[in-house]
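Colleague: sharing a model prediction with you, sequence too.
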Amino acid sequence: MFKHSLLAATALALVAPAAASAQTEIQWWHAMGGRLGELVEEIAANFNASQSDYVVVPSFRGTYAETMNGAIAAFRAGEQPAIVQVFEVGTGTMMAAEGAVYPIYQLMADHHANFDPAAYLPAVVGYYTDPDGNMLSFPFNSSTPILYYNKDIFAAAGLDPNTPPRTWADMETMSRQIISSGAASCGFTTRWPSWVHLENFLAWHNLPLATQQNGFAGFDTELVLNQQAPLIRHWENLARWQSEGVFSWAGGGAGPDAGPKFYSGECAMMMESSAGRAGVLSNATFNVGYGMMPYYDDVAGAPQNSIIGGATLWVLTGQSQAQYEGVARFFEFLSQPEQQAWWHQNTGYLPITQAAYDLTREQGYYDANPGADISIQQMNLNPPTENSRGLRFGNFVQIRDVISEEMEAMITGAETAQQAADNVVSRGDALLRDFQATMQ
Amino acid sequence: MQTKRMTFSSRWLPYALLAPQVIITLIFFVWPASQALWQSLLRQDPFGLRTTFVWFRNFERLFADPTYVDSMKTTALFAIGTTLLSLSVSLLFAVMVNRMIRSRDLYTTFLVWPYAVAPAVAGVLWWFIFNPSVGILPYMLEMLGYDWNHRLHAGDAMALVILAAAWKQISYNFLFFLAGLQSIPQSLIEAAAIDGAGRTKRFWTIIFPLLSPTTFFLMVVNIVYAMFDTFGVIHATTEGGPAQATNILVYKVFRDGFIGNNLGSSAAQSVILMGIVIVLTVVQFRWIERRVNY
């Protein structure tokens, strides 16, 4: 047994360098499990088949946080991959890591790649550019939260199954009608509470979450979310709706119980990432409807535009020139309208270029799949403002945990909405100051 | 106590025999521990590109942070709850099994089984049983009129992690209690019985006091287990929530260090934990180890 494995290991050791010398290997760490992971493998295989100089090797590294921290630990040990997929909340940390990351705009220029920043959708790219408008990472998979609803429950409750709620007032009255008619026991539930009911809520109502253009203009950013009256009102409503059954809290963080609540018919509506579309369709045994996020119609400037989540590909330093050349070719490949359109249609993530969006429309995809373009319309509803361009904070992973915890405390009634928001600000600011101090 | 004195023919032989243990301790304990000590005095960005020496600021901030103090209270509650529950249940099992004659080995085998289940697997099992949406227990509790939701109610979450952690430890405690019970001289119990002491009386006045060395030993072991070895259970069930209600110190080290990338603070927390382990070990060796009879 031992002899065999020894032989196999020797054989492998002899073969491996031979293969590597023929083609340059590019390690790509990603966080896409399940069906999405298969699609990642497929897109890498397509690239590898399209040319013979480079081999992109995707490797699944767990959740977003695990992937990012794995890459950081690997960097400290000098074993980092060429490409790592980092979620949007890690953007501030990655951006600040000068010397560890190789900005995309620079990489593409250094390797004379075919790269036109203007071809990308501004609402997507804006999140990942530096103050001078340079793209720092490659927006691979971006999504935005939308409303999914159960058309069968709407019909059973005597509501029009083709009219989703438009405002939060609609949301409340419709939910109450659904509950009183007995069609479902809860109105709506949500995934990603912080992303949906804080970050996107404020962007959608064109209100600031923090100073310094939500952190885009400097590390000395301070949270101001507790001064936004519409947010406090919304959180108060959530807590009240929770106690009345209109809303059902499905856990902090990713809101892991939201899916089961929606699929089982317990809740009639769910707020979830547009990229959850494939999952929703495969789990739902009813007709699914799509809508934009509701808003408060008495807030001036609402609805503005929603912000994105998802992840981008960061290139790390310490690789060979040949590898960077390969990365540049790979990103060119990923930017092609055909690849983008394929990725968008199969995953539900947003197309990142205008050309991919146009191509998908020409192919008749949106006519065949009504609701698939709600996310793009919502993102592009208005040109992004300082409040709706995105968020850029260091330690954002921890700040999101804080938000999630304080929202939980508010939902259980342990704190009022104002207290929860104040606590988010004081605890979040401490983390922002920590990060700022590290950067000096 | 009598100590035996060994004499070696060669001067270096004892050192050579000790060397493997010393080397392992140096590599796997002293070196990482000193790294943690050093790191706890630094402030560093995640990538290790910028490092500042900040003396004890990481510690000062920790003790000024109400969530850290809360986490200490949570840990105390969790450790005491887990220890009490697992000790009392396993003592009950041990006493009951000890009364069996033919089926004793069979029951012992069954009761020891859970110890072989990995903490993370045990956590997932509990996660399924107690899941507010799809779990069987919340469904049954709802029929009794109790709305179980450990995602929302701090009390439910704490009950869940204590239950899951205690369940895991029952097998271990059970074995020690059973061995302890079997070493109690039968003559004492018979004498008490002849004097007219009933079953309960005999247990509380004879068996329980004679078992106390085992109980003390298990108490320390269980507290250490609850504080340091329950990461898997918490990670798989509540992830420290809701609103930090089950965020025990060890889990907080992981969350701050490996998810939040706040290495300095995380290292400072591990140093504090190291202090707690040292204290517990001293307690065990100084006061308890001497009195334990196996």
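Modeller: Happy to help now that I have it.
Colleague: what parts of the stretch 151-294 of chain B come near chain A?
Modeller: B:151-154, B:239, B:241-244, B:255-256, B:258-262 (C-beta under 8 Å from any C-beta of the partner chain). Just so you know, the C-beta spots here come from the backbone N, C-alpha and C atoms, and that holds for glycine as well.
Colleague: again, only this time at 7 Å
Modeller: Contact residues (C-beta under 7 Å from any C-beta of the partner chain) of the stretch 151-294 of chain B with chain A: B:R151, B:L152, B:H153, B:G241, B:P242, B:A243, B:Q244, B:F258, B:I259, B:G260, B:N261, B:N262.
Colleague: tell me the two of these that are most distant?
Modeller: Within those, B:H153 and B:N261 form the most distant pair, 30.5 Å apart (C-beta to C-beta).
Colleague: which one's more surrounded, the two?
Modeller: B:N261 (24 against 17; other C-beta atoms under 10 Å in any protein chain shown).
Colleague: name the SS class of the more buried one, please.
Modeller: Assigned state for B:N261: coil (three-state reduction, DSSP: H, G, I helix; E, B strand; the rest coil).
Colleague: I figured it hits B:Q44, correct?
Modeller: No: distance between B:N261 and B:Q44: 9.5 Å, which falls outside the contact criterion (C-beta atoms under 7 Å).
Colleague: which residues touch A:P208?
Modeller: Residues counted as contacts of A:P208 (C-beta atoms under 7 Å, 6 or more residues apart in numbering or on different chains) are A:L202, A:N214, A:V224, A:N387.
Colleague: meant to ask about B:L218, not that
Modeller: With C-beta under 7 Å, 6+ apart, B:L218 has these contacts: B:L87, B:N173, B:F176.
Colleague: what sits against residue 192?
Modeller: Using chain A here. Contacts of A:W192 by C-beta under 7 Å, 6+ apart are A:P145, A:A254, A:G255, A:S273.
Colleague: other chain: chain B
Modeller: Per C-beta under 7 Å, 6+ apart, neighbours of B:A192: B:R202, B:I206.
Colleague: how close does it sit to chain A?
Modeller: 52 Å (C-beta to the nearest C-beta, to the nearest Å).
Colleague: that residue should be in a helix, yeah?
Modeller: Yes: applying three-state DSSP, one finds B:A192 inside a helix.
Colleague: for A:V101, list each beta-bridge partner.
Modeller: A:E98, A:L316 (DSSP bridges).
Colleague: which residues of chain A lie near chain B?
Modeller: So far as C-beta under 7 Å from any C-beta goes, chain A lies against chain B at A:65, A:69, A:72, A:75-76, A:93, A:96-97, A:99-100, A:249, A:251-252, A:257, A:260-261, A:395, A:397-398, A:405, A:408-409, A:411-412, A:414, A:434, A:437-438.
Colleague: in what helix or strand does A:V425 lie?
Modeller: According to DSSP states H and E, A:V425 maps onto helix A:417-439.
Colleague: which helices and strands sit right next to that helix?
Modeller: The elements that helix A:417-439 packs onto, with contact taken as 3 or more C-beta pairs under 7 Å, 6 or more residues apart in numbering or on different chains; DSSP states H and E, are helix A:229-244, helix A:396-411, strand B:42-44.
Colleague: convert the C-alpha atoms of the second one to CSV, please.
Modeller: Extracted in CSV, the C-alpha atoms of helix A:396-411 (Å, rounded to 0.1, in the frame of the first residue of the first chain):
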residue,chain,number,x,y,z
PHE,A,396,-16.5,46.0,7.0
VAL,A,397,-16.8,42.3,7.6
GLN,A,398,-16.9,43.0,11.4
ILE,A,399,-19.0,46.0,11.0
ARG,A,400,-21.6,43.9,9.2
ASP,A,401,-21.6,41.5,12.1
VAL,A,402,-22.2,44.4,14.4
ILE,A,403,-25.1,45.6,12.3
SER,A,404,-26.6,42.1,12.2
GLU,A,405,-26.3,41.8,15.9
GLU,A,406,-27.9,45.1,16.7
MET,A,407,-30.7,44.5,14.3
GLU,A,408,-31.3,41.2,16.0
ALA,A,409,-31.4,42.9,19.4
MET,A,410,-33.9,45.4,17.9
ILE,A,411,-36.1,42.7,16.4
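Colleague: ok, and what's touching that helix?
Modeller: A:65, A:89-90, A:92, A:193-194, A:198, A:235, A:238-239, A:242, A:249, A:252-253, A:393, A:415, A:417, A:420, A:423-424, A:427-428, A:431, B:152, B:241-244, B:259-260, B:262.
Colleague: enumerate every residue touching A:F75.
Modeller: By C-beta under 7 Å, 6+ apart, the contact set of A:F75 is A:A100, A:L316, B:F47.
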